[in-house]
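Colleague: The following block contains a protein sequence and its predicted model.
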Amino acid sequence: MDTPLIEFKDVTKRFGRRTVLDRVNLQIYEGEVTTIIGLSGSGKSVMLKHIIGLLKPDEGTILFRGKPVTGMKRSEIAASFAQISYMFQGNALFDSMTIYDNIALPLRETTHLKKAEIDRRVMARIEQTELTESAHRYPSELSGGMQKRAALARALITDPQIVLFDEPTSGQDPVRKNAILSMIAQYQKKFNFTAILVSHEIPDVYFISNRILSLYNHRIVFQGTPEELEEFDHPFKDEVIHSLEVLQKELTGLYSKRQFEMLNHLQLKRRTVEESYCLVVFSLVGLNAIITSVGHDAAQEAVRGMGLYIDKHFGAIGGFSTRRNTNEIITMLPYSNLDETESIMNDFVHDFKEQFLQSVQESACKLAAGEMVELMIMAGIAQGRSTVDIDSVVVLAKSQQKEIGRLSCAAGE
């Protein structure tokens with residue numbers, strides 16, 4: 001594996017008699033999204049301050065690109081930390097400054113660039129983060145989502161290689177949380193910076209993170225991919241992950257991938273070889289276009305509404321669902337065959353068109369504010385047995401997909 005961008009080796013930090021970090025070992029790799037999760041008060045903020053150089057460890061070593069920070073010259077340390085930018089928890093935008101001036105501030109304070117060059121860079125970031133029409137407005141005049149984009153534009157104005165996000169979703173409702181995380185993922189790919197997120201809440205790690213670090217009892221007890229986290233067996237899972245997954249189910253109607261796989265595994269044990277099940281695969285075609293033209297809030301509202309509506313219909317008859325990727329939801333119907341599932345789907349589609357699309361259309365058009373928006377919902381069914389790999393059943397269901405509804409707002413509505 002490549003040399004880590006940032007590495008902690010047996011890092012310990014104490015404040016008086018209280019140990020906050022206890023022989024912490026971790027690796028953060030370049031070009032990835034790394035999420036550090038843990039309970040409130042577990043030491044995440046202290047770890048973050050070590051990464052940006054505000055604190056030094058009492059014991060252990062911190063390495064930057066394989067080189068111990070303590071062995072670097074002052075000029076090397078300054079150059080290393082100059083590559084890091086920070087997006088504050090509450091945005092920290094100055095209310096007395098326009099969005100333009102907020103974004104320009106780091107260049108004015110830390111560089112000797114001429115006014116014309118600052119203007120060129122600031123306007124480029126403003127355009128890239130879709131804030132052109134708000135450049136000369138004040139933070140109080142912007143929505144919460146646009147303020148987040150402005151804070152991110154300011155964090156990116158110095159072309160950092162690393163951006164730290166301290167509790168980026170703290171205090172936000174579930175839809176806003178997913179919208180913020182989606183925004184971070186989008187711009188990380190766009191600008192190719194290394195993202196480090198710190199949170200006491202479990203974000204939608206399956207969709208935005210390459211690597212997860214779990215801080216528990218002042219130590220890193222897990223580091224690896226989201227898929228490896230699903231197999232992680234530790235009290236941390238019971239105390240943190242389980243409680244938040246239950247909350248996720250209540251808010252969205254969808255299980256996490258790990259929960260879905262566990263439920264499916266239990267069903268496989270109970271079935272005989274002859275017994276079948278059915279999968280329904282729902283796809284939201286055009287979700288990325290909605291993100292681009294209207295924003296992350298509208299997209300996440302659509303996904304959340306779909307999850308709740310699917311759970312309302314299929315959960316009542318023993319079905320369970322998960323979000324497979326950004327625009328795809330799969331529902332398992334244990335012990336069902338194709339005929340039964342097609343009958344259930346006919347009822348679902350009828351209610352879906354009569355109730356769900358109408359209510360979502362109204363809220364989506366308000367969020368669209370004159371933009372052209374179109375979202376097509378597809379669904380397909382396939383039957384499987386315990387002897388057949390579930391992924392092949394998913395592929396078959398996708399090949400059977402048909403349009404079951406369409407949400408559209410024309411420009412000017």
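Modeller: Thanks, I have the structure now. Predicted model, so just to flag it, every value in this text is computed and none were measured.

Colleague: Asp391 is in what secondary structure piece?
Modeller: helix 390-399 (DSSP states H and E).

Colleague: same question for the next helix or strand after that helix, mean pLDDT?
Modeller: Next helix or strand after helix 390-399 toward the C-terminus (DSSP H and E): strand 402-409. The average pLDDT within strand 402-409 is 81.

Colleague: So which residues of the stretch 301-413 of the chain form strands?
Modeller: 320-325, 328-333, 373-385, 402-409 (DSSP state E, counting those that start in this stretch).

Colleague: Just checking: what are the partner strands of the second one?
Modeller: Applying DSSP bridges, strand 328-333 is found paired with strand 276-285 (antiparallel), strand 320-325 (antiparallel).

Colleague: low-scoring pLDDT stretches of the stretch 101-250 of the chain, where are they?
Modeller: Counting by pLDDT under 70, the stretch 101-250 of the chain contains low-confidence ranges at 170-179, 200-207, 230-231, 234-250.

Colleague: circling back to that earlier point, from the strands of the stretch 301-413 of the chain, which stretch is densest packed?
Modeller: Counting by mean count of other C-beta atoms under 10 Å, strand 328-333 has the highest mean neighbour count of the strands of the stretch 301-413 of the chain, with a mean of 23. Bear in mind the C-beta positions are built from the backbone N, C-alpha and C, glycine included.

Colleague: Not counting it itself, show me its contacts.
Modeller: The contact list for strand 328-333 (C-beta atoms under 8 Å, 6 or more residues apart in numbering) reads 254, 260, 263-264, 267, 277-284, 303, 306-307, 310, 314, 317-324, 340-341, 344, 394, 397.

Colleague: For PyMOL, write a command that selects the buried ones of these.
Modeller: One line in PyMOL is enough to select the buried ones among the contacts of strand 328-333; burial here means 16 or more other C-beta atoms under 10 Å:
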select buried, resi 254+260+264+267+277+278+279+280+281+282+283+284+303+306+307+310+314+319+320+321+322+323+324+341+344+394+397
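
Colleague: on that earlier part again, pull the distance from the helix holding Asp391 to the chain's centre.
Modeller: Chain-centre distance of helix 390-399: 26 Å, with C-alpha atoms, centre = their mean, to the nearest Å.

Colleague: okay, now Ser85: neighbour count?
Modeller: As a burial measure, Ser85 scores 20 neighbours (other C-beta atoms under 10 Å).

Colleague: On the three-state scheme, the nearest residue to it once chain neighbours are set aside is what?
Modeller: Among residues not flanking Ser85 along the chain, Pro160 sits closest, at 3.6 Å (C-beta to C-beta, 6 or more residues apart in numbering). What DSSP: H, G, I helix; E, B strand; the rest coil gives for Pro160 is coil.

Colleague: For Pro160, give me phi and psi.
Modeller: Pro160 adopts backbone torsions of phi -70, psi 150, taken as degrees, to the nearest 10.

Colleague: my guess is it contacts Phe193, does it?
Modeller: Yes. Under the criterion of C-beta atoms under 8 Å, Pro160 is in contact with Phe193, at a separation of 6.1 Å.

Colleague: Who has more neighbours out of the two?
Modeller: Ranked by neighbour count (other C-beta under 10 Å), Pro160 and Phe193 place Phe193 first, with 22 against 18.

Colleague: Contact partners for that one?
Modeller: Neighbours of Phe193 in contact, by C-beta under 8 Å, 6+ apart: 156, 160-163.

Colleague: run the last query once more with 7 Å
Modeller: 160-163 (C-beta atoms under 7 Å, 6 or more residues apart in numbering).

Colleague: cool, Gly53 as well?
Modeller: With C-beta under 7 Å, 6+ apart, Gly53 has these contacts: Phe81.

Colleague: So it: helix, strand or coil?
Modeller: Gly53 is classified as coil under three-state DSSP.

Colleague: What distance do you get for it to Ile310?
Modeller: To Ile310, Gly53 is 47 Å away according to C-beta to C-beta, to the nearest Å.

Colleague: again, but for Asp347
Modeller: Separation of Asp347 from Ile310 (C-beta to C-beta) stands at 13 Å.

Colleague: Tell me the gap between stretch 312-329 and the middle of its chain.
Modeller: On the basis of C-alpha atoms, centre = their mean, stretch 312-329 sits 19 Å off its chain's mean C-alpha point.

Colleague: now do stretch 399-411
Modeller: With C-alpha atoms, centre = their mean, you get 25 Å for stretch 399-411.

Colleague: So which residue is smack in the middle of this protein?
Modeller: Of all residues in the chain, the one closest to the mean position by C-alpha atoms, centre = their mean is Leu181, 3.7 Å from it.

Colleague: Where does it fall, secondary structure wise?
Modeller: Assigned by DSSP H and E, Leu181 falls within helix 174-191.

Colleague: Repeat that for Arg125.
Modeller: Counting by DSSP H and E, the element that carries Arg125 is helix 115-128.

Colleague: For Ala153, see how far away the residue nearest to Lys190 when sequence neighbours are not counted is.
Modeller: Counting by C-beta to C-beta, 6+ apart, Gln128 is the residue found nearest to Lys190 once chain neighbours are left out, at 7.2 Å. In this view, Gln128 and Ala153 are 8 Å apart by C-beta to C-beta.

Colleague: if you count what's nearby, which of those two comes out ahead?
Modeller: The residue with more neighbours, out of Gln128 and Ala153, is Ala153; 24 against 15, by other C-beta under 10 Å.

Colleague: Tell me which residues touch the more buried one, please.
Modeller: Ala153 sits next to 103, 125-126, 129, 131 when contact means C-beta under 7 Å, 6+ apart.

Colleague: Thr3: which of those is nearest?
Modeller: For the contacts of Ala153, the residue nearest Thr3 by C-beta to C-beta is Arg125; the value is 30.1 Å.
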